[in-house]
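Q: Sequence and computational prediction follow.
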Amino acid sequence: MQKYNYPKIKKEVETLVKNACFKTVTRDRIWEFHIIPVVRFSKELGGKFGADLEVLELAALMHDYANILDRKIEKDHHTRSAELAREILAELSFPENKIKHVADCIEAHRGSVRQKHKTIESEILASADAMSHISEPVAMMHLAFRVLDNKVIEGASWLRGKIERDWEKMMPEGREIIKDDYEKMMKMLDDTIKRR
Ligand SMILES: [Fe+2]
Ligand SMILES: [Fe+2]
């Protein structure tokens, strides 16, 4: 196995992503309200499954990197972020097999339904991404109403659909962690939508 300094690599990646997050104007506080929770849930689930926590942490940090840099990249941001991760990690001399693993996780994180994942790390990242939408309802409302410019009922309906799809694609162990928040959020959205 190729020798590498993980703490240093992690620090470099963290700084890169964090700086990009603080520069973006469209997604307010994406570092604290999206990236950090995705990293946290990835590590929490990763610990339960004995997954590769280095792969997971780097994949979580970089999973949305392309559309943090450029908001216009949305539909294929998973592919673009995977490409960027490959370049960045190669530059930092992270082992090749692990780079491929990180890139595969990032590539597979987007998808509105639960899909077959090649590895447990890939499945965990997709779940952690979905969980972060539920653990950060205020940031999601910012997205629904401010970024996407929806009216009250339309935004609530949009958000309900999104949270429902997130729940669908989440692994059972993720659901267990986020269940109370999910129920609270659904109740709040339903109470709004029924007054349509
Ligand atoms: Fe994403
Ligand atoms: Fe994400």
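A: Great, that's in hand. Ligands and ions are numbered 1, 2, ... in the order given.

Q: Run the chain-centre distance for the helix ranked longest in the chain.
A: Across the chain, the longest stretch assigned as helix under DSSP state H is helix 172-193. Centroid separation for helix 172-193 versus its chain: 18 Å, with CA atoms, centre = their mean, to the nearest Å.

Q: Now tell me what touches that helix from outside.
A: 41, 44-45, 48-49, 124, 127-128, 130-131, 134-135, 137, 152-153, 156-157, 159-160, 163-164, 167, 170 (CB atoms under 8 Å, 6 or more residues apart in numbering). Every residue, glycine included, has its C-beta placed from N, CA and C.

Q: Got a quick ChimeraX command for the buried subset of those?
A: Typed into ChimeraX, the next command selects the buried ones out of these (criterion: 16 or more other CB atoms under 10 Å):
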select :41,45,124,127,128,130,131,134,135,137,156,157,159,160,163,167,170
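
Q: So which of the contacts of helix 172-193 are in helices?
A: Going by DSSP H, the helices hold 41, 44-45, 48-49, 124, 127-128, 130-131, 134-135, 137, 152-153, 156-157, 159-160, 163-164, 167 from the contacts of helix 172-193.

Q: Spatially central residue in the chain, please.
A: Nearest residue to the geometric centre of the chain (CA atoms, centre = their mean): residue 129, 3.2 Å.

Q: so what's that one up against?
A: 38, 63, 109.

Q: What separation do you get for it and residue 90?
A: Residue 129 sits at a distance of 24 Å from residue 90 (criterion: CB to CB, to the nearest Å).

Q: what's the answer for residue 177, then?
A: From residue 177 over to residue 90 the distance is 33 Å, taken as CB to CB.

Q: can you check residue 51 too?
A: Plainly put, residue 51 is 22 Å away from residue 90 if you go by CB to CB.

Q: Looking at these two, which is more packed in?
A: Under the criterion of other CB atoms under 10 Å, the comparison of residue 51 against residue 90 puts residue 51 first, with 20 against 11.

Q: who touches that one in this structure?
A: By CB under 8 Å, 6+ apart, the neighbours of residue 51 are 45, 120, 121, 124.

Q: rerun at 10 Å
A: 42, 43, 45, 119, 120, 121, 122, 123, 124, 125 (CB atoms under 10 Å, 6 or more residues apart in numbering).

Q: Which residues lie in contact with the first one in this structure?
A: Right, residue 42. By CB under 10 Å, 6+ apart, the neighbours of residue 42 are 51, 53, 55-61, 63, 105, 121, 124-129, 131-132.

Q: What is the neighbour count of residue 154?
A: Neighbour tally, residue 154, other CB under 10 Å: 15.

Q: how close does it sit to ligand 2?
A: 23 Å (CB to the ion, to the nearest Å).

Q: Just the pLDDT for that residue.
A: You'll see residue 154 listed with a pLDDT of 97.

Q: From residue 161, how far out is residue 45?
A: Distance from residue 45 to residue 161, by CB to CB: 24 Å.

Q: got it, and residue 78?
A: 20 Å.

Q: neighbour-wise, which of the two wins?
A: residue 78 (21 against 12).

Q: No further questions, thank you.
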